[in-house]
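> I'll drop the sequence and a predicted model, then ask my questions.
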Amino acid sequence: MSLLQKLKTRVINSNCNPVWNEQLTLSIKDVNDPIRLTVFDKDRFSGDDKMGDAEIDMRPFLEAHQMELDFQKLPNGCAIKRIRPGRSNCLAEESSITWSNGKIKQDMILRLKNVECGEVEIMLEWTDGPGCKGLGREGSKKTPWMPTKRLD
């Protein structure tokens, strides 16, 4: 069981379609454990209302990172892998994992569960982090496992 990490964005008041554009960094201890995302409506005088939740399966992102490719030779914006929406994920539409500006990134739109409707846009990006064990292929310099997710 992984250590629970809680991260929060800033509150955006009086907006039905907020845009956070914030970077949140967390370390991943077990790639088999999905990242759980919960969206709340901030209430000033009572408890915050849960607006919905979603899970991010990190395995496709890790699999793309471990592919036997010379990423440096790929053109900028090249799609490495595509993930289709399905019952086993919260994707609202197809998601692409791309090689962009020297990094592996994944843009996705997640459909929130346990709510009538709602979506959240997420961008995962691979970053080096201190104290990472590493999960890359043997002999690779691309080994740390610490994705950064940006809420847009």
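Received the coordinates, thanks.
> And what about the residue positioned nearest the centre of the chain, helix, strand or coil?
Geometric centre of the chain, nearest residue: L124, 4.1 Å, by C-alpha atoms, centre = their mean. Here L124 is recorded as strand under DSSP: H, G, I helix; E, B strand; the rest coil.
> Can you name the residues bridging to it?
L124 has the following beta-bridge partners by DSSP bridges: Q106, K149.
> That one touches Q106, doesn't it?
Yes - judged on C-beta atoms under 8 Å, L124 makes contact with Q106 at a distance of 4.4 Å. Using the backbone N, CA and C atoms, a C-beta is placed for each residue, glycine as well.
> residues shared between the contacts of those two?
The contact sets of L124 and Q106 overlap at F61 (C-beta atoms under 8 Å, 6 or more residues apart in numbering).
> re earlier: check the gap between the residue nearest to the centre of the chain and L37 for me.
Here the criterion is C-beta to C-beta, to the nearest Å. By it, L124 lies 12 Å from L37.
> can you check R82 too?
21 Å.
> So which residues of this structure form helices?
59-65 (DSSP state H).
> what residue of it is the furthest out?
Outermost in the chain, C-alpha atoms, centre = their mean: F45 at 31.5 Å.
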